[in-house]
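**Student:** 3D, please:
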Amino acid sequence: MSIVDQAQQTQLRNIQAKTGKTLDELKALVAASGLAKHSEILAMLKKELGLGHGDANAVAHFALKAATTPAGAKPAATGGDAVLDEIYTGPKAPLRPIHDKLMARIHEFGDFEIAPKKGYVSLRRKKQFAMIGPATNTRVEVGLNLKDVPGTARLEQQPPKGMCSHKVKVTDPAEVDSELIGWLRMAYDGAA
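**Tutor:** Residues are numbered from 1 along each chain as shown. Okay, the predicted model is just below:
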């Protein structure tokens, strides 16, 4: 099981603990709502269960995937590996070890949500603390949300009101060093 799949499983376990409902009960709640659009299911879960966006998104994906998988059939590969395989495909495939090393180190911090997007993954606690994805065929960019941290040559400050306050360009797994992990930890702690 990949690190992303492990994180998704942890997130679903945490949601069950928060709501007091099993995955089957959550799936049944979505089915009983009669809603079919992801955005409508997301809004319903936020309202009915008081879930945050990331948790509601995870339940919506789980319920929709379960609803489209025939009884007895094994679900298609739509987990973290499939998403990452799509992001790190073709000329960007050699960048996957950078991503995997970053995620392994970030998982040491504790629980967080992984929200896969089209070309990157968003990492969230109560709010987004980082984004990781290939910016080009030769580098991964790590977007960070850091408050009151001045930029440096390596920790590039971004324009205000962007998705992230800072960004770090990573071209080799060896660049996932204590300095970068320190910034990621500050962003993680600041998103609690």
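**Student:** Show me what the mean pLDDT comes to for the longest helix seen in the chain.
**Tutor:** Using DSSP state H, we find that the single longest helix of the chain is helix 3-19. Helix 3-19 carries an average pLDDT of 81.
**Student:** tell me which helix or strand of the chain sits lowest on mean pLDDT?
**Tutor:** helix 80-87 (a mean of 76; mean pLDDT, DSSP states H and E).
**Student:** could you dump that one to PDB, C-alpha only?
**Tutor:** Presented in PDB, the C-alpha positions along helix 80-87 are these (Å, rounded to 0.1, in the frame of the first residue of the first chain):
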ATOM      1  CA  GLY A  80      -3.400   7.400  -4.200                       C
ATOM      2  CA  ASP A  81      -1.200   5.300  -6.500                       C
ATOM      3  CA  ALA A  82      -3.400   5.900  -9.500                       C
ATOM      4  CA  VAL A  83      -3.500   9.600  -8.900                       C
ATOM      5  CA  LEU A  84       0.300   9.800  -8.400                       C
ATOM      6  CA  ASP A  85       0.800   7.600 -11.500                       C
ATOM      7  CA  GLU A  86      -1.200  10.100 -13.500                       C
ATOM      8  CA  ILE A  87       0.700  13.100 -12.100                       C
END
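**Student:** residues of the helix or strand following it that come out buried?
**Tutor:** Counting by DSSP states H and E, the next helix or strand C-terminal to helix 80-87 is helix 96-107. Using 16 or more other Cβ atoms under 10 Å as the test for burial, helix 96-107 gives 96, 98, 99, 100, 101, 102, 103, 105, 106, 107. Every residue, glycine included, has its C-beta placed from N, CA and C.
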